[in-house]
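Visitor: Let's see this in three dimensions:
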Amino acid sequence: MLLSHFILSLIKVRTINLAELAVAFETKAQTSSNYKRLQRFFKNFEIDFDLIAKMIANWLPKEPWILCLDRTNWKFGKVNINIW
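Guide: Coordinates of the predicted model:
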């Protein structure tokens with residue numbers, strides 16, 4: 001249920017801010033409870049990038065691909081966060 005509420009809230013509020021997503025949950029629970037549920041979920045959540053890549057590859061046409069790589073760099077305080 002949490003995942004379905006999460007996805008629907010993402011579509012509604014168009015943000016990944018957990019506080020705003022919690023407000024958009026259509027449940028009888030308090031917003032603070034929804035927020036805590038989201039925090040608990042993401043606390044131990046790990047993304048399986050290999051699985052996501054395989055899923056996307058299955059959606060694409062079975063023809064030769066051209067691979068383009070880009071590198072994104074963010075700063076969180078003084079810490080560099082590089083995704084490539």
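Visitor: so what pLDDT did residue 12 get?
Guide: Note on residue 12: pLDDT of 92.
Visitor: isn't there a helix covering it?
Guide: Yes: with DSSP: H, G, I helix; E, B strand; the rest coil as the criterion, residue 12 is part of a helix.
Visitor: What residues does it make contact with?
Guide: Taking CB atoms under 8 Å, 6 or more residues apart in numbering, we find residue 12 in contact with residue 24. The C-beta positions use only the backbone N, C-alpha and C, and glycine is treated the same way.
Visitor: got it, and residue 24?
Guide: By CB under 8 Å, 6+ apart, the contact set of residue 24 is 8-9, 12-13.
Visitor: Could you identify the buried members of those residues?
Guide: residue 9 (16 or more other CB atoms under 10 Å).
Visitor: In a markdown table: the contacts of residue 24, plus distance to residue 68.
Guide: As requested, the contacts of residue 24 are arranged in a markdown table below (distance: CB to CB, whole Å):
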| residue | distance to residue 68 |
| --- | --- |
| 8 | 32 |
| 9 | 32 |
| 12 | 32 |
| 13 | 31 |
